[in-house]
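Engineer: Sequence below, structure please.
(one chain, ligands or ions: 1)
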Amino acid sequence: MTPLLHPRHALITGAGSGIGAAVALALAQQGCRLTLAGRSHDKLQQQAERLRAEVPDLAVTLAPMDVADPHAVQAAVQQAHARFGPVNILVNNAGQAQSQPFLRTDAALWQHMLDVNLSGTFHVTQAVLPGMLEAASASGGSIPGRIVNIASTAGLMGYAYVSAYVAAKHGVVGLTRALALELARKNITVNAVCPGYTETEIVQEAVRNIVAKTGQSPDQARQTLAARNPQQRLVQPAEVAQSVLWLCAPGSDAINGQSIAIDGGEQAG
Ligand code: NAP
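Structural biologist: Residues are numbered from 1 along each chain as shown. Reported below is the predicted structural model:
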């Protein structure tokens, strides 16, 4: 059986770890050609090797870039385009979450959270979109464009001590809605996926922070985070990846401008 998304070109930022790595695997298994983006070339290289072990005939290229640097982004996207043609699926996943009480959130931290999480999404989308528009139009509808932004439940509600991150992720949700309307008649959908606490390095860092600040054990700290989820557990990266895959799959064309919580029901409360 032909895989669902063969031979689309998917570019995933932050593909070397966590949610991005899980998304890369899910898209690879469905026949995508992949561009893996992130700052660390070594991390991306290791991820490409792990993916090749799972999907031996995978076509994959690396695009080291800092998403906060528009020049680096343009150059890396041009290289990816030269290798596999226009990007059909863009997953804006690169992100960082730094915590501080608001009065200790200095202008540098504030700016950094906006640069990486919000402006990064803007820069990569701007670099990818001209090619995606052309491909979506040239295919006569058979190869739609898909943009999936990995926002967060922090894009839908507030959390204390991460005001800069929360503001940036709310911005990602706003950008998703606006761009979805702008591209609605161009055979491209734009959606956001909003994970709750998910078992990745970001959560490990949060656990280390809680341990340092409260004296809780690592297990207690993990439970504190898991307790936000009505299912009393951390979300797994593969669960987030499945929702990204669904948004990219044929049949999802009418889902546009949505911000879908993957949080065990946290947003329902
Ligand atoms: P992660 O494993 O730390 O992944 C983040 C990825 O982003 C890394 O691979 C990192 O690679 C890349 N990255 C960071 N800054 C970058 C930059 N300036 N330019 C390019 N790449 C950059 O954590 P994760 O949980 O999978 O995070 C993925 C996304 O999910 C983030 O947007 C995060 O906000 C979101 N999210 C996570 C959770 C959670 O609980 N884990 C919940 C909601 C939303 P390099 O270091 O190589 O650049």
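
Engineer: Neighbours of the residue nearest to Ala48 when sequence neighbours are not counted, how many?
Structural biologist: Nearest residue to Ala48, sequence neighbours excluded (CB to CB, 6 or more residues apart in numbering): Val60, at 5.0 Å. Backbone N, C-alpha and C define where each C-beta goes, glycine included. Residues near Val60, counting by other CB atoms under 10 Å, number 21.

Engineer: Correct me if wrong: Val60 contacts Ala53.
Structural biologist: No: Val60 is beyond contact range of Ala53, at 11.8 Å (criterion: CB atoms under 8 Å).

Engineer: anything in stretch 185-200 sitting right up against the ligand?
Structural biologist: Yes: under the criterion of CB under 6 Å from any ligand atom, the ligand is reached by stretch 185-200 at 195, 197-198, 200.

Engineer: starting at the chain centroid, how far to that stretch?
Structural biologist: Centre-to-centre, stretch 185-200 and its host chain are 7 Å apart (CA atoms, centre = their mean, to the nearest Å).

Engineer: From one end of that stretch to the other, what's the distance?
Structural biologist: Stretch 185-200 stretches 36 Å from its first residue to its last (CA to CA, to the nearest Å).

Engineer: Buried residues of it, list them for me.
Structural biologist: For stretch 185-200, the neighbour count (16 or more other CB atoms under 10 Å) marks 187-200 as buried.

Engineer: and what of stretch 237-255?
Structural biologist: 237, 239-241, 243-248.

Engineer: One more: stretch 95-108?
Structural biologist: Residues 95-100, 105 are the ones in stretch 95-108 that count as buried (16+ other CB under 10 Å).

Engineer: what do you get for stretch 122-129?
Structural biologist: Residues of stretch 122-129 classed as buried: 122-125, 127-129 (neighbour count, 16+ other CB under 10 Å).

Engineer: Please name the nearest non-neighbouring residue to whatever residue of the stretch 51-200 of the chain ends up closest to the ligand.
Structural biologist: Closest contact between the stretch 51-200 of the chain and the ligand, by CB to the nearest ligand atom, is at Gly95 (2.2 Å). The shortest distance from Gly95 to any non-neighbouring residue, by CB to CB, 6+ apart, is to Asn117 (4.9 Å).

Engineer: Tell me the residues of the stretch 151-269 of the chain that contact the ligand?
Structural biologist: Where the stretch 151-269 of the chain comes near the ligand, counting by CB under 6 Å from any ligand atom, the residues are 152, 195, 197-198, 200-203.

Engineer: go on, the stretch 1-150 of the chain?
Structural biologist: Residues of the stretch 1-150 of the chain lying near the ligand (CB under 6 Å from any ligand atom): 13-14, 16-20, 38-40, 43, 66-68, 93-97, 116, 120, 150.
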